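Asks: would you be able to build a 3D model of this:
(2 chains)
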Amino acid sequence: MSELMGLKAKLGLDVFKHDKEAHIKIKPGMEKDPRLKRAVWVCPAGLYSENDQGEVELTIDGCLECGTCRIACGIEVLEWNYPNGGCGVQFRFG
Amino acid sequence: MEKDFDAIVVGGGLAGLAAAYTIADAGLEVLLLERGDYSGAKNVTGGRLYLNPVREMFPDLWEKAPLERFIAHEELSIMDKERSITVRYDGAELVQAPYQSYSILRGKFDRWFAKQAEKKGVAIVNKNRVDDLIIENGKVEGVRAGGEDLTAHVVVACDGVLSLLAEKAGLRKPGVPQDHAVGFKEIIELDRTTIEDRFNLEGDEGAARLFMGEVTRGKFGGGFLYTNKESVSLGIVVGIKDLMEEPMVQAPDLLDAFKLRPEIARLIKGGETSEYSAHVIPEGGYNSLSKLYGSGILLAGDAAGFSMNIGVTVRGMEYALASGYYAAQAVIKAKEADNFESETLAVYEKLLNESFVMTDFKNFKDAPRVMENPRFFQHYPQLAGNVMKDLYEVPAGSKARIYPTVKKYLTFGEMWAMFKDFRGVKKI
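Replies: Residues are numbered from 1 along each chain as shown, chains lettered A, B, ... in the order given. Reported below is the predicted structural model:
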């Protein structure tokens, strides 16, 4: 299909295995930190969004584990780890 | 002290697999830990692999390797908003075996490479995330994974661009935006005949296309397209620092806009996207390489920063394979000496220095600084597009003379700026 598909639909094509906990967490109190707002722009999976209160929220489902948010925002605002073994995205083509 | 293994390799990517394969081939006990369901499950490339620099390191590997197409046609497009200029290169050497480069899908290749490593004697445990290093008196003695302690004389950390293990070992600090780019791509399935027709390919020939300019809205980076056997890999690479700066654009929107470009839309028409992936790429070059070794630990591949963008070629996989291979040589030498301290493992850096890896990194150490010039990604694509538009335009009235047409774009100020920009390019 040459017409565009939404990001959610695109991520829906990937194989994900559910993890029991979120492997990336916004550190408490950092929700409004300007460094965190970069994630809204840089995340290739579009998993970060800003709510009406100006807080950044993260939906971990669909994470491609690329690490862009860790590099852009830094580990002062994000608690960042890879998913547990055998969890998360499993690329078939890569 | 008794150890569970001679070496533990962390990460089933190209560096890790190359290291484990080579270590096992020398008869040493090696364990490879991979956090995905299989080697390749977490790995992404653009991508193409250049074989020449690494062919002889793994002489038995290539004949049956599941590579996609050998790249027989190269194209570079400079894109402005509504126009583009493309240079196509065909060369006799590109279609002569042994072929220089192949398109590749890591989910397929790495999985197969892991099987070859197992045949050499590597013990591979998948679905196992390494959580920590065991460090005693400043020496790495093993890893902690899934609540278990596993010991080895040496740990080869090939855990990718973020290398959390290298941070734990104190060999590097967390990565910074100016040294990294993010790549994201779609696999778009098309049948063989369609690919061969649309890209003008014979048999297993493949095409590689790079795009710069409007494709990243003038930000550092570019677009890429590689033909695989029955799909195309279409994606964007963009500098993370540039993504954080004006003009703000959401990364995924760049790929959508790229797909809508008429130059691209007709190539992927009717194709079905089957996967969307993303990965960070180290692009800081020589000046941002990690410290490569410590007592009981070696870093290889992206974990060490071995990836390089010099514009016309973007390469990482050969460096991953080669650094894994040399890390293995260092492990083998350390085993012979029965000493895994950093002064013995230092031979790793010596081997890299004598190889194409460090020679390339030193030769191109100025490339990142020269290439971050935003004029290359915005101004020149626009300028070139405008010149071409005027050259080809036949208006209702009389056509302007060619020399003045070109000259109006090349003012003294412009020529001086060009001179300065391209003086920088001489360093590459």
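
Asks: please count neighbours and contacts with C-alpha atoms only from this point.
Replies: Will do.

Asks: show me the shaky parts of chain A.
Replies: The model of chain A has pLDDT under 70 over residues A:1-3.

Asks: give the contact list for residue 38.
Replies: Because you didn't say which chain, this covers chain A. Residues counted as contacts of A:Arg38 (CA atoms under 8 Å, 6 or more residues apart in numbering or on different chains) are A:69, A:72-73, B:244.

Asks: oops, chain B please
Replies: So B:Tyr38 contacts B:12, B:111, B:126-127 (CA under 8 Å, 6+ apart).

Asks: so where do the strands sit in the stretch 1-150 of chain B?
Replies: B:5-10, B:30-33, B:48-50, B:70-79, B:84-90, B:101-103, B:123-125, B:130-136, B:139-145, B:148-157 (DSSP state E, counting those that start in this stretch).

Asks: how about those in JSON lines, adding mean pLDDT and distance to chain A?
Replies: Converted to JSON lines, the strands of the stretch 1-150 of chain B look like this (pLDDT from 0 to 100; distance: least, CA to the nearest CA, whole Å):
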{"stretch": "strand B:5-10", "mean pLDDT": "98", "distance to chain A": "12"}
{"stretch": "strand B:30-33", "mean pLDDT": "98", "distance to chain A": "10"}
{"stretch": "strand B:48-50", "mean pLDDT": "96", "distance to chain A": "12"}
{"stretch": "strand B:70-79", "mean pLDDT": "96", "distance to chain A": "18"}
{"stretch": "strand B:84-90", "mean pLDDT": "95", "distance to chain A": "20"}
{"stretch": "strand B:101-103", "mean pLDDT": "97", "distance to chain A": "12"}
{"stretch": "strand B:123-125", "mean pLDDT": "98", "distance to chain A": "10"}
{"stretch": "strand B:130-136", "mean pLDDT": "98", "distance to chain A": "8"}
{"stretch": "strand B:139-145", "mean pLDDT": "98", "distance to chain A": "9"}
{"stretch": "strand B:148-157", "mean pLDDT": "98", "distance to chain A": "13"}
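
Asks: about what we covered before: give me the subset of the contacts of B:Tyr38 touching chain A.
Replies: B:126-127 (CA under 8 Å from any CA of the partner chain).

Asks: select only the buried ones of the contacts of B:Tyr38 in ChimeraX?
Replies: The ChimeraX command for the buried members of the contacts of B:Tyr38 (criterion: 16 or more other CA atoms under 10 Å in any protein chain shown) is given here:
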select /B:12,111,126,127
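
Asks: among the contacts of B:Tyr38, which ones are in helices?
Replies: Of the positions in the contacts of B:Tyr38, B:Arg111 sit in helices, assigned by DSSP state H.

Asks: quick one: buried residues of stretch B:76-94?
Replies: Neighbour-count burial for stretch B:76-94 [16+ other CA under 10 Å]: B:76-80, B:83-84, B:94.

Asks: dump those residues into JSON lines; add distance to B:Asp302 as well.
Replies: Below are those laid out as JSON lines (distance: CA to CA, whole Å):
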{"residue": "B:Leu76", "distance to B:Asp302": "26"}
{"residue": "B:Ser77", "distance to B:Asp302": "28"}
{"residue": "B:Ile78", "distance to B:Asp302": "28"}
{"residue": "B:Met79", "distance to B:Asp302": "30"}
{"residue": "B:Asp80", "distance to B:Asp302": "32"}
{"residue": "B:Arg83", "distance to B:Asp302": "36"}
{"residue": "B:Ser84", "distance to B:Asp302": "33"}
{"residue": "B:Leu94", "distance to B:Asp302": "28"}
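
Asks: hey, C-alpha coordinates of stretch B:232-246 in CSV?
Replies: Only the C-alpha atoms of stretch B:232-246 are listed here, as CSV (Å, rounded to 0.1, in the frame of the first residue of the first chain):
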residue,chain,number,x,y,z
VAL,B,232,12.9,-3.2,0.0
SER,B,233,14.4,-1.6,3.1
LEU,B,234,13.3,2.0,3.1
GLY,B,235,14.3,4.3,5.9
ILE,B,236,15.7,7.5,7.3
VAL,B,237,18.8,8.2,9.4
VAL,B,238,18.9,11.5,11.2
GLY,B,239,21.2,13.0,13.8
ILE,B,240,19.6,13.0,17.3
LYS,B,241,21.0,16.5,18.1
ASP,B,242,19.4,17.9,15.0
LEU,B,243,16.1,16.2,15.8
MET,B,244,16.1,18.1,19.1
GLU,B,245,16.5,21.4,17.4
GLU,B,246,14.3,23.7,15.2
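
Asks: buried ones in it?
Replies: Applying 16+ other CA under 10 Å to stretch B:232-246 flags B:232-244 as buried.

Asks: and what of stretch B:190-203?
Replies: Buried, per 16+ other CA under 10 Å, within stretch B:190-203: B:190, B:192, B:194-196, B:199, B:201.

Asks: for stretch B:153-170, same thing?
Replies: Result for stretch B:153-170 [16+ other CA under 10 Å]: buried residues B:153-166, B:169.

Asks: of those, just say which sits nearest to B:Leu299.
Replies: B:Ala157 (4.9 Å; CA to CA).

Asks: isn't the closest one right up against B:Glu167?
Replies: No. Taking contacts as CA atoms under 8 Å, B:Ala157 lies outside contact range of B:Glu167: 10.7 Å.

Asks: stretch A:84-94 near chain B at all?
Replies: Yes. Using CA under 8 Å from any CA, stretch A:84-94 reaches chain B at A:84-87, A:89-94.

Asks: immediately after the longest helix along chain A, which helix or strand?
Replies: Ranked by residue count and defined by DSSP H, the top helix of chain A is helix A:34-42. Downstream of helix A:34-42, the first helix or strand assigned by DSSP states H and E is strand A:48-50.

Asks: sheet partners, orientation included, of that following strand?
Replies: Next to strand A:48-50 in the sheet, as set by DSSP bridges, lie strand A:56-58 (antiparallel).

Asks: roughly how far is the strand it pairs with from the heart of the chain?
Replies: The chain centre lies 9 Å from the centre of strand A:56-58; the measure is CA atoms, centre = their mean, to the nearest Å.

Asks: list the contacts of that strand.
Replies: With contacts defined as CA under 8 Å, 6+ apart, strand A:56-58 is touched by A:25-26, A:31-32, A:36-37, A:40, A:47-51.

Asks: now do the contacts for the closest residue to A:Met30 other than its chain neighbours.
Replies: Closest residue to A:Met30 apart from its sequence neighbours, by CA to CA, 6 or more residues apart in numbering or on different chains: A:Val77 at 5.7 Å. Listed by CA under 8 Å, 6+ apart, the contact partners of A:Val77 are A:26-27, A:30, A:33, A:35-36.

Asks: of those residues - the most surrounded one?
Replies: Neighbours here mean other CA atoms under 10 Å in any protein chain shown. Within these, the largest count is held by A:Leu36, at 25 neighbours.

Asks: returning to that earlier point: secondary structure for the buried residues of stretch B:190-203 - can I get that in JSON lines?
Replies: Converted to JSON lines, these look like this (DSSP: H, G, I helix; E, B strand; the rest coil):
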{"residue": "B:Leu190", "secondary structure": "coil"}
{"residue": "B:Arg192", "secondary structure": "helix"}
{"residue": "B:Thr194", "secondary structure": "helix"}
{"residue": "B:Ile195", "secondary structure": "helix"}
{"residue": "B:Glu196", "secondary structure": "helix"}
{"residue": "B:Phe199", "secondary structure": "coil"}
{"residue": "B:Leu201", "secondary structure": "coil"}
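
Asks: and those residues, which is closest to chain A?
Replies: Nearest to chain A out of those is B:Leu190 (CA to the nearest CA; 10.4 Å).

Asks: re the thing from before, which of the contacts of B:Tyr38 sit farthest apart?
Replies: Every pair of the contacts of B:Tyr38 checked by CA to CA; the farthest is B:Arg111 and B:Lys127, at 13.5 Å.

Asks: any of the contacts of strand A:56-58 buried? List them.
Replies: Judged by 16+ other CA under 10 Å, buried ones among these: A:25-26, A:31-32, A:36-37, A:40, A:47-48, A:50.
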